[in-house]
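**Student:** Let's see this in three dimensions:
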Amino acid sequence: PLNPQSLSLFREMADDFIETHRPARYFHLGGDEARCLGVCPACAARAAGRGIGRLYLDFMLQALAHIRSRGLVPILWDDIVCRHIEVLDELPRDVVLMYWDYWTTNHPSAMFVARPAGRGQVADRRWQSAWRPELDPVEARMLDAFARPLDLERDLPAGFRKRFRKYLGPDFPKRVPAFPFLPYYQDHGFTVIGAGTISGNTSTWEGLPDFPRYAANLSAFAGRVQETSALGLVGTLWYPMPLEAYAAGIMFAGQAAWAGRPAPD
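**Tutor:** Now for the predicted structure:
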């Protein structure tokens, strides 16, 4: 990000996309999974003094300004901003955050993606013993495959618990509201799009793509998007599978996203 040619390359590529796809309203910059920030000597020195989040933000502010100058609304993946939550206050509020979570399958959820605490996917360790019978089969597989068992009341940093306590819900540490950063980002002035998965994260079911998991993830996300009046929901897919393996997930994502709230009793 400190190499000036990086920004020049971004602008050139972005302009090419913009001209190719006019008319358009939004431009998704990406920016997810930037795990090598602060590795090169120049960036390491900058990050040592100002932090990795600031290194990311300084580059992104310039990239966002370019997209804005072209008359488009910028979209940014949320994971790096969420991991370095201290920079969120300096991110312009006209940025739409696309919030991705491919592991949560229930609302409320036994699994919590605790990015700002630096913990990733976690669940209270009692789900491995006393609470285990309460898990449905899909959520049990998700916890076994992806969640780090912790004592959530003890092992999550105190500062994190204090800052996010409002969003952890009344059932914490047993369960948390699904996708808790939806209302957190909104309370901080951002428009949010949810992003569930149609194909991802290397789990299978009976030798097939993990359709039960994807359906549960998309259903839970769609419900929370509706509850919080978020901008929308996308279903992501990226693994090299035959189209037939994607078709069911694409149709289900549409069904989940377009379904209205149930009529009141």
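**Student:** going forward, measure contacts between C-alpha atoms and count neighbours the same way
**Tutor:** Will do.
**Student:** in this structure, which spans are strands?
**Tutor:** Counting by DSSP state E, one finds strands in the chain at the ranges 26-28, 73-77, 96-100, 112-114, 120-124, 148-150, 191-197, 204-205, 208-209, 232-236.
**Student:** how about the residue positioned nearest the centre of the chain, what does it touch?
**Tutor:** Centroid-nearest residue in the chain, with CA atoms, centre = their mean: Trp100, separated by 2.3 Å. Taking CA atoms under 8 Å, 6 or more residues apart in numbering, we find Trp100 in contact with Trp77, Asp78, Asp79, Gly194, Ala195, Gly196.
**Student:** can you pick the most crowded of these?
**Tutor:** The residue in the contacts of Trp100 with the most neighbours, by other CA atoms under 10 Å, is Gly196 (28 neighbours).
**Student:** Would you check how far apart it and Phe146 are?
**Tutor:** 16 Å (CA to CA, to the nearest Å).
**Student:** For Ala48, see how far away Pro41 is.
**Tutor:** Separation of Pro41 from Ala48 (CA to CA): 10 Å.
**Student:** ok, Phe160 - contacts?
**Tutor:** Pro116, Ala117.
**Student:** now Trp103
**Tutor:** Shown in contact with Trp103 (CA under 8 Å, 6+ apart): Met111, Met142, Phe146, Asn217.
**Student:** Next, format the strands of the chain as JSON lines and append mean pLDDT and distance to Leu57.
**Tutor:** Shown next, in JSON lines, are these (pLDDT from 0 to 100; distance: least, CA to CA, whole Å):
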{"stretch": "strand 26-28", "mean pLDDT": "97", "distance to Leu57": "16"}
{"stretch": "strand 73-77", "mean pLDDT": "98", "distance to Leu57": "11"}
{"stretch": "strand 96-100", "mean pLDDT": "98", "distance to Leu57": "14"}
{"stretch": "strand 112-114", "mean pLDDT": "95", "distance to Leu57": "20"}
{"stretch": "strand 120-124", "mean pLDDT": "96", "distance to Leu57": "21"}
{"stretch": "strand 148-150", "mean pLDDT": "96", "distance to Leu57": "29"}
{"stretch": "strand 191-197", "mean pLDDT": "96", "distance to Leu57": "18"}
{"stretch": "strand 204-205", "mean pLDDT": "76", "distance to Leu57": "36"}
{"stretch": "strand 208-209", "mean pLDDT": "78", "distance to Leu57": "36"}
{"stretch": "strand 232-236", "mean pLDDT": "94", "distance to Leu57": "25"}
